[in-house]
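J.: Need a 3D model of the following:
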Amino acid sequence: MKVFLTGASGVMGRSSIDALHQAGHTVIGLARTAESAAQISAAGAEPCRGDVYDGDALVAGMRGCDAVANLATKVPVGTAALRPGSLKEVERIRVVGSKVVAIAAREAGVERIVQQSLSFIYADNGDEWIDEHSPIDLTGATEPVVVAEHRMARFAEKGGTSVSLRFGLVTGDDRNTAWMFRRARAGKAIGMGAKTSWMHVIHPADVGSAVVHALSAPGGIYNVGAEPVQRGDYVDTIAQAAGQKQGHFLPKWVERLGSDKLEILTRSQRISSQLFSDRTGWHPTYPKLTPDWFDALARV
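T.: Sure, this is the predicted structure:
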């Protein structure tokens, strides 16, 4: 298949280019800058200059493609998330960009869209398991994610196929994990929420393999990630990989300062990815969080 990829130079995009190539697919990657275009070309994909708001560029790049994987995002790193308006750009990407991408895909004759989504939108469910039918908790931080999924549902209603992948927290060789790793190495706090609460994580490599499997998945919404991990174990695993005996949690006032932007990172979400595995045969290469997830960071 020929796949058009937005967010191609990001951590999810790079993983997807590699996995798509390994599966025998051809990739065209959307590049907002000359630097991104060079990175995409170096990864072996064909760059297409433009952005997710440029409908004409998107249509031109998508023509002749069998599928679109919309992975565009711009997540603030570390304490930048606390700044006023820090989520404005990523919200615009999800609310406006997803609409432009879906419209362009229809105009270009593309039949399938894979949309990057997040499992953070589920309501806190304590120790109970969460699947795709579990309730979501709509806040200012989660609404743009839901809007993007709805854009793709509309695409499907008009005859296409849409697959939204609710990924867990990307954890590995990415900018936010690297920020936490540096803090943990210095003995600083990185954890939020209750130590016994659950979180949903995914290694960057498994993002790419999930995108490949989504190309043949029945349309719908799927959770995608490794086994759920309790926050205390998550924090300790990062700290130990960084050379510390155990990790530390941030004071509650930091969570309150971050309001709904940080609240979504404290919900207890024991999320199952079984449906996606059952329907596509996908299984994570990194099924359980272990210190080796951070080998690349430890070498820096």
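J.: Distance check, the closest residue to Arg175 other than its chain neighbours against Asn70.
T.: Once flanking residues are discounted, Arg175 sits nearest to Val77: 4.9 Å by Cβ to Cβ, 6 or more residues apart in numbering. Any C-beta I mention is one placed from the backbone N, CA and C, and that applies to glycine too. Val77 is 22 Å from Asn70, where distance means Cβ to Cβ, to the nearest Å.
J.: neighbour-wise, which of the two wins?
T.: Asn70 (28 against 14; other Cβ atoms under 10 Å).
J.: doesn't Thr6 make contact with the more buried one?
T.: Yes - applying Cβ atoms under 8 Å, one finds Asn70 in contact with Thr6, separated by 5.0 Å.
J.: Need the overlap of contacts for these two.
T.: Residues touching both Asn70 and Thr6 (Cβ atoms under 8 Å, 6 or more residues apart in numbering) are Val52, Gly97, Val101.
J.: so which of these is the most crowded?
T.: Going by other Cβ under 10 Å, Val101 tops the shared contacts of Asn70 and Thr6 with 29 neighbours.
J.: Assumed that one was part of a strand.
T.: No - according to DSSP: H, G, I helix; E, B strand; the rest coil, Val101 belongs to no strand; its state is helix.
J.: Strands along the stretch 51-200 of the chain, start to end?
T.: 67-70, 112-118, 129-130, 161-167, 169-170, 198-199 (DSSP state E, counting those that start in this stretch).
J.: Where is the longest helix in the chain?
T.: helix 143-157 (DSSP state H).
J.: now the angle from that helix to strand 161-167?
T.: Helix 143-157 and strand 161-167 are oriented at 160 degrees to each other (axes from the mean of the first three to the mean of the last three Cα atoms, to 10 degrees).
J.: My guess is Ala210 contacts Arg279. True?
T.: No - using Cβ under 8 Å, Ala210 is not in contact with Arg279, being 12.0 Å away.
J.: Please, where are all the strands along the stretch 201-300 of the chain?
T.: Going by DSSP E, counting those that start in this stretch, the stretch 201-300 of the chain shows strands at 201-202, 220-224, 229-230, 270-271.
J.: Save those as JSON lines, and put in mean neighbour count and distance to Ala148 too.
T.: Below are the strands of the stretch 201-300 of the chain laid out as JSON lines (neighbours: other Cβ atoms under 10 Å; distance: least, Cβ to Cβ, whole Å):
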{"stretch": "strand 201-202", "mean neighbour count": "26", "distance to Ala148": "18"}
{"stretch": "strand 220-224", "mean neighbour count": "23", "distance to Ala148": "11"}
{"stretch": "strand 229-230", "mean neighbour count": "20", "distance to Ala148": "26"}
{"stretch": "strand 270-271", "mean neighbour count": "23", "distance to Ala148": "19"}
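J.: These: which one's closest to Cys48?
T.: strand 220-224 (25.8 Å; Cβ to Cβ).
J.: pLDDT of the closest one, averaged?
T.: In this model, strand 220-224 has a mean pLDDT of 98.
J.: C-alpha coordinates for that strand, PDB please?
T.: Written as PDB, here are the backbone C-alpha positions of strand 220-224 (Å, rounded to 0.1, in the frame of the first residue of the first chain):
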ATOM      1  CA  GLY A 220     -13.700   1.700  14.700                       C
ATOM      2  CA  ILE A 221     -12.000   2.800  17.800                       C
ATOM      3  CA  TYR A 222      -9.300   0.700  19.500                       C
ATOM      4  CA  ASN A 223      -7.100   0.900  22.700                       C
ATOM      5  CA  VAL A 224      -3.500   0.300  21.900                       C
END
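J.: and that strand, what other elements does it pack with?
T.: Strand 220-224 sits against strand 161-167, helix 204-214, helix 274-280, with contacts defined as 3 or more Cβ pairs under 8 Å, 6 or more residues apart in numbering; DSSP states H and E.
J.: Out of these, which gets nearest to Ser16?
T.: Minimum separation from Ser16 across these (Cβ to Cβ) falls at helix 204-214, 4.4 Å.
J.: which residues are contacting the closest one?
T.: 11-12, 14-20, 22-23, 25, 69, 71, 114, 163, 165, 167, 170, 172-174, 202, 222, 224-226, 276, 280-282, 284-286.
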